[in-house]
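# need coordinates for the following:
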Amino acid sequence: MHDYQRPPTLHRYGQRSDLELALREGQFRLVPYAGCLTLSLSTAWAPELFDIYAPADACLVIHHTEEFGERLHRAVQRTLPSWAGIDGAIDYRGRSPLGAIFTKPAAEAREREWLFAWRPMQGNLSLNPVTVRVGSLEQFAELRGRDERLS
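Predicted coordinates:
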């Protein structure tokens, strides 16, 4: 049986200007992937992930992942009321019980991805990127550069 509790921290690697907006306003861009709108984060703090997510020069470290996840799902529900959302760890060993979108090849396992995904309840909705705002994360998140250690 899989444990779907969110990890203690989540990490979003990217460009500092984008991540500053995420920290101050809780602004995130959901992108189409495999018939869903998604937001990808990592469960890992690892310097090599800056290269994988290049041109990443910063990392948003989210410490209260339950509150973040609930705020994110509520924001998407307000923006896309006829969409269903789920989040969980990517399975790199085989097919995830959460479905194909949560399954990736073992070669990508170093990303240690945690995926938020929403799918339309009606199959004919267009899949365009959507920006949502969950409110400031400054009380429980921080920006880190590549060479900064986590406390």
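
# okay, now the unreliable bits of the chain?
Applying pLDDT under 70 to the chain flags the ranges 1-4, 124, 149-151.

# where do the strands sit along it?
Assigned by DSSP state E, the chain shows strands spanning 10-14, 27-33, 36-42, 58-62, 83-89, 113-120, 130-133, 141-144.

# same for the fourth one, what does it pack against?
Applying 3 or more CB pairs under 8 Å, 6 or more residues apart in numbering; DSSP states H and E, one finds that strand 58-62 contacts strand 10-14, helix 16-25, strand 141-144. Yep, even glycine has a C-beta here, placed from its N, CA and C like the rest.

# give me whichever of these is most buried.
Neighbour counts (mean count of other CB atoms under 10 Å) averaged over each of the helices and strands packed on strand 58-62 peak at strand 10-14, with a mean of 22.

# before we move on, the earlier item: could the strands of the chain go into JSON lines alongside distance to residue 95?
JSON lines is the format used below for the strands of the chain (distance: least, CB to CB, whole Å):
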{"stretch": "strand 10-14", "distance to residue 95": "23"}
{"stretch": "strand 27-33", "distance to residue 95": "17"}
{"stretch": "strand 36-42", "distance to residue 95": "16"}
{"stretch": "strand 58-62", "distance to residue 95": "28"}
{"stretch": "strand 83-89", "distance to residue 95": "13"}
{"stretch": "strand 113-120", "distance to residue 95": "15"}
{"stretch": "strand 130-133", "distance to residue 95": "27"}
{"stretch": "strand 141-144", "distance to residue 95": "32"}
